[in-house]
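Trainee: Build me a model from this:
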Amino acid sequence: MIRQVSVFLENREGRLFEVTSLLVENGIDLRSFSVADTKDFGVLRLVVSEPDKAFEILKNAGYSVRFTDVVAVAISDRPGGFAHVLGILHKNKLNVEYMYTLVSTRNGEALLAIWFDDGVQAEKILKRERVVVLDKAAVLTR
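Mentor: Below is the predicted model of the structure:
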């Protein structure tokens with residue numbers, strides 16, 4: 001499992017820049033992100049090189065932050081690679097709450113971060129089905 005930092009933001013100009021600038025100023029590498037928004041607020045989900053440090057920096061700057069564990073998997077970067085993993089999830093009745101791609105690739109594979117209601121169970125099933133589940137080192141190193 002990978003620690004994701006979620007930041008709750010007002011939906012106004014400049015907020016994403018403020019957050020990413022804080023990370024840059026503190027030497028934290030952004031490995032992936034996702035933004036979901038409504039009219040008034042947004043949720044910025046981040047996978048970063050130093051999640052604990054990012055959490056503290058953002059919290060001390062007044063942002064509402066929390067940790068969420070996501071499962072990172074490598075899928076074949078070819079037609080049908082994504083559908084194959086989705087088929088495994090469907091067959092095992094695993095509900096995906098959200099997912100997004102990670103910045104880097106690995107050995108010709110695309111990388112995904114996926115959040116499940118029960119990430120531990122999802123990780124077990126994915127491994128049993130021979131889906132490559134990545135650890136922190138595999139995701140955060142270049």
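Trainee: So which residues of the chain form strands?
Mentor: Secondary structure of the chain (DSSP state E): strands at 2-10, 30-37, 41-48, 64-76, 96-106, 109-116, 132-134.
Trainee: Are there helices or strands packed against the first one, and which ones?
Mentor: In other words, strand 2-10. The criterion is 3 or more C-beta pairs under 8 Å, 6 or more residues apart in numbering; DSSP states H and E, and the helices and strands that strand 2-10 contacts are helix 15-25, strand 41-48, helix 51-60, strand 64-76, strand 109-116, helix 136-140. For every residue, glycine as well, the C-beta is placed using N, CA and C.
Trainee: Model confidence at the residue nearest the centre of the chain, what's the number?
Mentor: Using C-alpha atoms, centre = their mean, the residue of the chain that lies closest to the mean C-alpha position is A113, 4.4 Å off. If you check A113, the pLDDT there is 80.
Trainee: Look up the closest residue to it, ignoring the ones flanking it.
Mentor: Of all residues not flanking A113 in the chain, V70 sits nearest, at 4.4 Å (C-beta to C-beta, 6 or more residues apart in numbering).
Trainee: Distance to H84 for the strands of the chain - can I get that in CSV?
Mentor: Formatted as CSV, the strands of the chain follow (distance: least, C-beta to C-beta, whole Å):
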stretch, distance to H84
strand 2-10, 21
strand 30-37, 21
strand 41-48, 23
strand 64-76, 7
strand 96-106, 14
strand 109-116, 12
strand 132-134, 12
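Trainee: who wins for proximity to E56 among those?
Mentor: Comparing the strands of the chain by their distance to E56 (C-beta to C-beta), the top pick is strand 64-76, with 9.0 Å.
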